[in-house]
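Peer 1: I'll drop the sequence and a predicted model, then ask my questions.
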Number of protein chains: 2
Amino acid sequence: MRDSNNKSVSVIGNGNVAHSLIPSIISAGYTIDYVAGRNTDKLKAIANQHNLSHTTDYSKLSSNIIIISVSDNAIESIVKELKTKPNQLVLHTAGSVALETIKQHHSHCGILYPLQTFSKKRILSFRSVPICIESSDEKALEIISNLANKLSDYVTYLSSQERLSVHTAAVFVSNFSNLMYTYGAKILTNHGIDFNILRPLIQETAQKVMILPPVQAQTGPALRRDTKTIELHQNQLVGKMKDVYLTLTQWIQEQFPST
Amino acid sequence: MRDSNNKSVSVIGNGNVAHSLIPSIISAGYTIDYVAGRNTDKLKAIANQHNLSHTTDYSKLSSNIIIISVSDNAIESIVKELKTKPNQLVLHTAGSVALETIKQHHSHCGILYPLQTFSKKRILSFRSVPICIESSDEKALEIISNLANKLSDYVTYLSSQERLSVHTAAVFVSNFSNLMYTYGAKILTNHGIDFNILRPLIQETAQKVMILPPVQAQTGPALRRDTKTIELHQNQLVGKMKDVYLTLTQWIQEQFPST
């Protein structure tokens, strides 16, 4: 162990989450000993950006805290490969991977799951990102809580099961909403209209549910049972898009029974 | 006609759009002679709020511009009932109703469609609301352009057909996205978790497409073909929600073929 104040960190991963996590960890006053991963070029890019050491050799990682920040389906193999000393704390940042997956190989472990959509092009401060934590033991909880509370103003303890539910809900509000944006853009492209015209609406639709619960924010022809407008819309659409529109309209009407 | 500068307006309607439109029209320097509609109590409420006259008698409306701001399926009957003089300009604010619907009864007419989601609880300035205009003739175009440009920084001329496409796309990015928020909230409620935890994600998901085209903003297990995570999510869900998740996952995979 390099120091005893539990503030030395190594990060495994150079993906979307890692790109925002690393500067946030540094801002929180922690020292990053290494950025580790398999792809040397990508590692170099992120390490140079923050003046950090990088390695493809996980056996070099002697930090107090090792954070595995890779996509959900890549965690298990890293957890197996990684050799740690009993005092080293192993965390991952994934929504759908149970604590048990780490615990089988590293008894002192936990989760630091930032509930947000990250991309390399848009570095986000963790300050307003909700962080869901979980821990194998009291000591781990203390270390994770300290780190999480220095990173974010919104830290919640969730079980692996609860975290999986949150992750599932996140897919709906983020991935599936973005699919709806994609469909909207596609309809406009078919008519040669600039996507810009929809942007204020997208922003306000999201803004509304910052205050209201979404059930109170629902509007539109499906909710109003305005069959004439629904028919006009459907006639605008061709092939698959017609089916998609109809299915979503039915789902709204099932979710919001007419009174 | 009360004046010759085309700045006297009557508004028919007291719904979500009218509640934001009326203060924006006043701010733009126009005079509102009357707020008209069928429900006296609702009329009184909106008229008193802005110190305006109100009436249920459409024959009183002698303003240069009459704006029909009611839901799409209520416009036709008002258009038929309304009697105008040749110089009076009749506009409506609906996305899906063709110019022809007005023109059959009022030859001097047009459209002023604000592309936004409105509610009485959230009064919006029209300044950043895209307005789609259309007109029956050159004179109408001049009057509508003047008004629209005083209301908003983003005015576009669209045909009825184009406007219907935009309205259809708007249903996707707004009504259908809000359905996704509703599903997310439902999943959390089932697990006793506060919806607040999803709010920063919703905001950032919308924020991302203010810069990127939605096709570039798509993330998540469906896009990554991460079948393990997809299966974990599905196992979280019961009944209808399981089908909904699966269908949306398939739609993403059809929309974004793996490379």
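Peer 2: All right, it came through fine.

Peer 1: what mean pLDDT would you report for stretch A:42-57?
Peer 2: Mean per-residue pLDDT for stretch A:42-57: 96.

Peer 1: Pull the distance from that stretch to the chain's centre.
Peer 2: 22 Å (Cα atoms, centre = their mean, to the nearest Å).

Peer 1: Likewise for stretch A:63-77?
Peer 2: Worked out by Cα atoms, centre = their mean, stretch A:63-77 lies 14 Å from the chain centre.

Peer 1: quick one: buried residues of that stretch?
Peer 2: A:63-76 (16 or more other Cβ atoms under 10 Å in any protein chain shown). The C-beta positions use only the backbone N, C-alpha and C, and glycine is treated the same way.

Peer 1: Among those, which are located in helices?
Peer 2: Counted as lying in helices by DSSP state H, out of those, are A:I75, A:E76.

Peer 1: Of all pairs in the buried residues of stretch A:63-77, which one is the farthest apart?
Peer 2: Distance extremes for the buried residues of stretch A:63-77: the farthest pair is A:N64 and A:N73 at 27.0 Å, using Cβ to Cβ.

Peer 1: still on that earlier bit, near chain B too, which of the buried residues of stretch A:63-77?
Peer 2: Restricting the buried residues of stretch A:63-77 to those near chain B by Cβ under 8 Å from any Cβ of the partner chain leaves A:S71, A:D72, A:N73.

Peer 1: Can you check the pLDDT for the second one?
Peer 2: Spelled out, it's A:D72. pLDDT at A:D72 comes out at 89.

Peer 1: Verify the contact between it and A:A98 for me.
Peer 2: No - under the criterion of Cβ atoms under 8 Å, A:D72 makes no contact with A:A98, lying 10.7 Å away.

Peer 1: got the contact list for A:A98?
Peer 2: A:S160, A:L164 (Cβ atoms under 8 Å, 6 or more residues apart in numbering or on different chains).

Peer 1: And A:K60, by the same measure?
Peer 2: A:K60 neighbours (Cβ under 8 Å, 6+ apart): A:Y34, A:A36.

Peer 1: biggest helix in chain A, by residue count?
Peer 2: helix A:240-255.

Peer 1: got a list of contacts for that helix?
Peer 2: By Cβ under 8 Å, 6+ apart, the surrounding residues in contact with helix A:240-255 are A:183, A:186-187, A:218, A:220-223, A:225, A:230, A:233-234, A:237, B:168, B:171-172, B:175-176, B:179, B:182-183, B:240, B:244, B:247, B:251, B:254.

Peer 1: How much space separates A:Q218 from A:V209?
Peer 2: 10 Å (Cβ to Cβ, to the nearest Å).

Peer 1: picking up where we left off before, where helices are concerned, which of the contacts of helix A:240-255 count?
Peer 2: Reading helices off the contacts of helix A:240-255 with DSSP H, I get A:183, A:186-187, A:221-223, A:230, A:233-234, B:168, B:179, B:182-183, B:240, B:244, B:247, B:251, B:254.

Peer 1: For ChimeraX, write a command that selects the buried ones of the residues you listed.
Peer 2: Remark: buried members of these, expressed as a ChimeraX selection using 16+ other Cβ under 10 Å:
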select /A:183,186,187,221,222,223,230,233,234 /B:168,179,182,183,244,251
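
Peer 1: which parts of stretch A:249-256 are buried?
Peer 2: So, applying 16+ other Cβ under 10 Å, buried residues of stretch A:249-256: A:T249, A:W251, A:I252, A:Q255, A:F256.

Peer 1: Can you list the neighbours in contact with the helix or strand hosting A:V90?
Peer 2: Counting by DSSP states H and E, the element that carries A:V90 is strand A:89-92. When contacts are defined by Cβ under 8 Å, 6+ apart, strand A:89-92 is touched by residues A:6, A:64-69, A:75, A:79, A:82, A:84, A:101-102, A:106, A:108-112, A:140, A:143-144.

Peer 1: Tell me how far that strand lies from the chain's centre.
Peer 2: Counting by Cα atoms, centre = their mean, strand A:89-92 comes out at 17 Å from the chain centroid.

Peer 1: Relative to it, what are the paired strands and their orientations?
Peer 2: strand A:65-68 (parallel), strand A:109-114 (parallel) (DSSP bridges).

Peer 1: I'd like those strands laid out as a markdown table, including mean pLDDT and distance to B:T93.
Peer 2: Shown next, in a markdown table, are the strands paired with strand A:89-92 (pLDDT from 0 to 100; distance: least, Cβ to Cβ, whole Å):
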| stretch | mean pLDDT | distance to B:T93 |
| --- | --- | --- |
| strand A:65-68 | 98 | 52 |
| strand A:109-114 | 98 | 42 |
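
Peer 1: quick one: contacts of the helix or strand hosting A:V35?
Peer 2: Using DSSP H and E, A:V35 falls within strand A:31-36. With contacts defined as Cβ under 8 Å, 6+ apart, strand A:31-36 is touched by A:2-3, A:7-14, A:18, A:22, A:25-26, A:43, A:46-47, A:50, A:52-58, A:60-63.

Peer 1: Just those: which are in strands?
Peer 2: A:S8, A:V9, A:S10, A:V11, A:I12, A:H54, A:T55 (DSSP state E).

Peer 1: The first one and chain B: what is the separation?
Peer 2: For A:S8, the distance to chain B under the criterion Cβ to the nearest Cβ, to the nearest Å works out to 29 Å.

Peer 1: List the residue ranges of the stretch 1-150 of chain A that fall below the pLDDT cut-off.
Peer 2: A:1-5 (pLDDT under 70).
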